[in-house]
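# sequence unknown, structure follows:
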């Protein structure tokens, strides 16, 4: 072979390799977490957009952002009391000022407008509206505050999505009858809901009765790490849950009977749930354990609302274990026939807060059944994989595929109800970090799993809500963990809010309504033309 032909073959070889690389790159799937979550069938990024009218939102809650804990006639709530006791919250932090949104709500609206946000989920402080929790003592200054906020949101073309209860119970109700442990709470909560519907319902069309009833019941009335700090040993948690469910149904019926015809809104409840995956999907006991934990976790509250009563597995196990522990009756209360009928069907949508996933298997350890607890009742051991990324929160492991699996589980379990994702987010430490790459990856991956659930699985997801609009008071962790897409400077009297890179990313996702396919026209020629060019080039070179 002479030099000319050698160079021809060499250049042709280089060209073919280059074209092949372009072809391969074009076909290569994108993974947000390569090397960790890179199953082509499960984890490959899906390009596409959400249905027209999909709701994009961000969220906060009253105690976590408002401050103004004793301003303008507001009553004390159980988190005011809990934090002021000392020793209950990291660094003895309180929500006395928090983000000072009671005085700086206009700044909140401004950062929403910068995001082009069209929906905003926030909660009403029960004690700000009804200082002692009773409907015969209305604080007009509290009503005025929320009216002003709602009107300013609407003027900015932002739809309010209101939660009636996000954990800040009036302290007087806790002192009077034990808060959620007393049956009186059902009537008082219904009356409070009526005041809110009457005061704001002419403009508010989306209502959530309760936020994360499971957290209220477990953390507030069994673990005791949340206010009111009750360590109930497997009894108080079920009593609180029972009353929470009945209170939710009461608030739904009041809207349905007295306000729906005129106001034309929807009322639901926001459940929180991990996804519980079997440790080994080919091992029957692991599959059973994962399903059982899903029922104890999510079915505990969703099952009564959709089917009227607790899941059978909960009733059977808790009754049996209660007997072994020496109780004369099950620690899980029973609904009457009338209550079953009253509760069933009391949700216009399925509100979902989701953050993480756990692997699950049967707990075969010889567990001492005393003292009683929710964990012992379900009897499932959970764990995380060593390579899963973790947020600052010790419980928050990043497992994007778990959200899609959870959405499919809800579809199958509850006949594909309309799902509003009302919280999803990622925490970092208490640092001034505007380039929050980890949070950006979290949002890309989790939102993409929602898209897969909608497009590939047919789940009827109506909304996505980023938690949180800004860094705020994170309950027992105080200000040591930050979930916000805006950085809040808690050492600044003005509580300046500064957008993080995740806010810019979220704004782009909102603008695009998802992840539209990348347009490579004009930069990368179609594959068939590349190979046609190779053939022409080869013939030309060989003819020289």
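Noted; the coordinates are in hand. Because the structure is a prediction, the values reported are computed rather than measured.

# how about residue 207, secondary structure?
strand (DSSP: H, G, I helix; E, B strand; the rest coil).

# next, count neighbours for it.
26 (other CB atoms under 10 Å). Every residue, glycine included, has its C-beta placed from N, CA and C.

# try residue 162
Applying other CB under 10 Å, we find 22 residues neighbouring residue 162.

# start the count at 239, not 1, going forward
Will do, 239 is the new start, and the previous item becomes residue 400.

# which strand or helix spans it?
Assigned by DSSP states H and E, residue 400 belongs to strand 397-403.

# could you name the helices and strands sitting against that strand?
Counting contacts by 3 or more CB pairs under 8 Å, 6 or more residues apart in numbering; DSSP states H and E, strand 397-403 is packed against strand 357-361, helix 378-393, helix 422-438, strand 444-449.

# the strands in the stretch 239-388 of the chain, which residues?
With DSSP state E, counting those that start in this stretch as the criterion, the stretch 239-388 of the chain has strands at 286-287, 293-297, 357-361.

# just to revisit the earlier point, closest one to residue 482 among the helices and strands packed on strand 397-403?
The closest of these to residue 482 is strand 444-449. By CB to CB, the value is 6.0 Å.

# next SSE downstream of the closest one?
Next element after strand 444-449 (DSSP H and E): helix 451-456.

# show residues contacting that next one.
405, 418, 448, 464, 475-476, 478-479, 482-483, 486, 507, 509-511, 535-536, 538-539, 612 (CB atoms under 8 Å, 6 or more residues apart in numbering).

# so what's the gap between it and the chain middle?
Helix 451-456 sits 14 Å away from the centroid of its parent chain (CA atoms, centre = their mean, to the nearest Å).

# list the buried residues of that helix.
By neighbour count on 16 or more other CB atoms under 10 Å, the buried set for helix 451-456 is 451, 452, 454, 455, 456.

# helices or strands next to the helix or strand that comes right after it in the packing?
Downstream of helix 451-456, the first helix or strand assigned by DSSP H and E is helix 474-496. In terms of contacts (3+ CB pairs under 8 Å, 6+ apart), helix 474-496 is packed against helix 422-438, strand 444-449, helix 451-456, strand 504-510, helix 538-545, helix 575-581.

# okay, helices next: where are they in the stretch 589-738 of the chain?
Counting by DSSP state H, counting those that start in this stretch, the stretch 589-738 of the chain has these helices, from start to end: 612-616, 638-651, 675-693.

# looking at these, which is closest to residue 284?
Across these, residue 284 has its closest neighbour in helix 675-693 (5.2 Å, CB to CB).

# list the buried ones in that closest one?
Of all the residues in helix 675-693, those buried under the rule 16+ other CB under 10 Å are 676-692.

# just to revisit the earlier point, mind checking which of the strands of the stretch 239-388 of the chain is nearest residue 746?
Taking CB to CB, strand 293-297 is the member of these nearest to residue 746, at 11.2 Å.

# any regions of this protein where pLDDT drops low?
239-265, 757-782 (pLDDT under 70).

# need the buried residues of helix 451-456 in TSV (columns: distance to residue 557).
Output for those, formatted as TSV (distance: CB to CB, whole Å):
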residue	distance to residue 557
451	22
452	20
454	23
455	18
456	20
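
# max pairwise distance over those residues: which two?
Maximum distance among the buried residues of helix 451-456 (CB to CB): 9.6 Å, for 451 and 456.

# residue contacts, residue 658?
Residues near residue 658 by CB under 8 Å, 6+ apart: 293, 506, 508, 587, 588, 589, 590, 699, 700, 701, 703.

# among those, name the ones in strands.
Using DSSP state E, the members of the contacts of residue 658 that fall in strands are 293, 506, 508, 588, 589, 590, 699, 700, 701, 703.

# across the sheet, point out what pairs with the residue lying closest to the fifth one once chain neighbours are set aside.
Using CB to CB, 6 or more residues apart in numbering and skipping the chain neighbours, the partner closest in space to residue 589 is residue 508 (3.5 Å). Residues in a beta bridge with residue 508, per DSSP bridges, are residue 449, residue 589.

# follow-up on the earlier one: make a markdown table out of the strands of the stretch 239-388 of the chain and add mean neighbour count and distance to residue 370.
Output for the strands of the stretch 239-388 of the chain, formatted as a markdown table (neighbours: other CB atoms under 10 Å; distance: least, CB to CB, whole Å):
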| stretch | mean neighbour count | distance to residue 370 |
| --- | --- | --- |
| strand 286-287 | 16 | 49 |
| strand 293-297 | 24 | 28 |
| strand 357-361 | 25 | 19 |
